[in-house]
Structures are given as C-alpha cells and as structure tokens.
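Trainee: Coordinates for the following, if possible.
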Amino acid sequence: MAHFAEIDENNIVKKVLVVKNEEILDENGIEQPQKGIDFLVNLFGGRWVQTSYNNNIRKCFAGIGSTYDEEQDVFIPCKPYASWVFDDVAWRWKAPIEEPTEGYYVWSEEIQNWIQRG
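Mentor: You can find the predicted model right below:
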C-alpha cells in the first residue's frame, strides 16, 4: 500500500489516502509513484504527493494540516504550540524549554513551561 497526500494551493495537506499496490506497479512489478498520483488525479483531481508511513521519504508522514515544502521535498508536521520552534536536524517541533526526563509532563503554553502530571 502506498500513501498519498492531497495538498492545496498553499501546500497544506488536505487529506491522506491509501492506494493499493496494484495501482502503482508498472509492468515489471516496480513501484512508480507517478502511477499513484495519476490514479488519484483521475478519481479526485487535485495535487498529490506520495508520503511514507514509516518516514522513508519526505522526512515525515503527511498529516492533515501539515505543510509540504516543495523546495526541500519534505513534509513539515503541524506546529503544536506558538512558542515551539522547528528543529530541522531532529525533524520535529521543540519547546523553548527542554522537557524533563523524569516523570510525565505536559506543555503549558500559558506559562511557557512543563507541568508535571501524575
């Protein structure tokens, strides 16, 4: 199965669909992503980009609301909080204060710090 994200005119992911392998394989049994894109365009129209559930391509799996960066050919996940910054080495959003390693914490945007839970 292959996953494809539909992106809007601002490169925001609108939806993610699964396409059966038989729709994307060529006559030699080799996966051809363009065949999946063509299949989806024929069914729904729109702009489609393949995404990888296990992050093998385009850095991370596309989720609704995430952004496709055409220049880098990657998906950037949704920003969880206004104060967080994107770490393009770890490829994830990070809080302005490192999360404590002992215990269970949740981020409070209001106080800009971690709150221990449980």
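
Trainee: next SSE after the helix or strand bottoming out on mean pLDDT in the chain?
Mentor: The helix or strand of the chain with the poorest confidence is helix 21-24; it has a mean of 90 (mean pLDDT, DSSP states H and E). The helix or strand immediately downstream of helix 21-24 is helix 33-44, counting by DSSP states H and E.

Trainee: Okay, buried residues for that following helix please.
Mentor: Residues of helix 33-44 classed as buried: Lys35, Gly36, Ile37, Phe39, Leu40 (neighbour count, 16 or more other Cβ atoms under 10 Å). The C-beta positions use only the backbone N, C-alpha and C, and glycine is treated the same way.

Trainee: Does the fourth one touch Glu22 like I think?
Mentor: Same thing as Phe39. No. In this structure, Phe39 is not within contact of Glu22 by Cβ atoms under 8 Å, at 10.1 Å.

Trainee: Now stretch 45-55: buried residues?
Mentor: So stretch 45-55, judged by 16+ other Cβ under 10 Å, has buried residues Trp48, Val49, Gln50, Thr51.
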